[in-house]
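**Q** Here is a sequence with its predicted model. Questions after.
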Amino acid sequence: MSALAPTTFMHDAYTAHVNPQWVRLLDLLDMNVQYTRCAGVELSTSEGRCILDFLSGYCVHNIGHNHHEVIAALHDVLEQRGPAMLQSHVPALAGELAARLCTLASANLRKVFFCSSGSEGIE
């Protein structure tokens, strides 16, 4: 089973336990489809349709779905088999990213705070 092609059970489970109104809306708009491949702005469905995705939400989609450079960078980090979500060490990659962000943002920015969501950032 493809991770992008939900079974009837998954569809029913989402309807019953997450957001039935979202499912109804997608059904009404004929947008409740099973995606089999997403690359760049093209979304391929199980029926063979190609849909152009112009949504830039969630920030990660600004460069397109499954961008080859992002995938390569993720593979590189995963191959290092380093610690993940471990609070008892200094994460080198976080320091490197913070330094790059400070350099790119402004001469006045000297510190970066990483968090999981916009809500945490505001708190």
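**A** Arrived safely.
**Q** just for the chain, where's the confidence low?
**A** For the chain, applying pLDDT under 70 flags the ranges 1-7, 56-61, 85.
**Q** Mind jotting down where the strands sit in it?
**A** Under the criterion DSSP state E, the chain contains strands at 35-39, 42-45, 50-52.
**Q** If you count contacts, what does the first one end up packed against?
**A** Packed against strand 35-39 by the contact rule (3 or more CB pairs under 8 Å, 6 or more residues apart in numbering; DSSP states H and E) you find strand 42-45. Every residue, glycine included, has its C-beta placed from N, CA and C.
**Q** Could I get the phi/psi values of residue 18?
**A** phi -120, psi -80 (degrees, to the nearest 10).
**Q** what's the burial count for it?
**A** By the measure other CB atoms under 10 Å, the count of residues near residue 18 is 9.
**Q** quick one: residue 81 and residue 46, what's the gap?
**A** Using CB to CB, to the nearest Å, residue 81 is found at 35 Å from residue 46.
**Q** Of these two, give the one with the bigger neighbour count.
**A** Using other CB under 10 Å, the more surrounded residue of residue 81 and residue 46 is residue 46, with 13 against 7.
**Q** In contact with the more buried one: list those residues for me.
**A** Shown in contact with residue 46 (CB atoms under 8 Å, 6 or more residues apart in numbering): 5, 33-36.
**Q** How many neighbouring residues does residue 96 have?
**A** 10.
**Q** what do you get for the one 5 residues further on?
**A** For residue 101, the neighbour count with other CB under 10 Å is 14.
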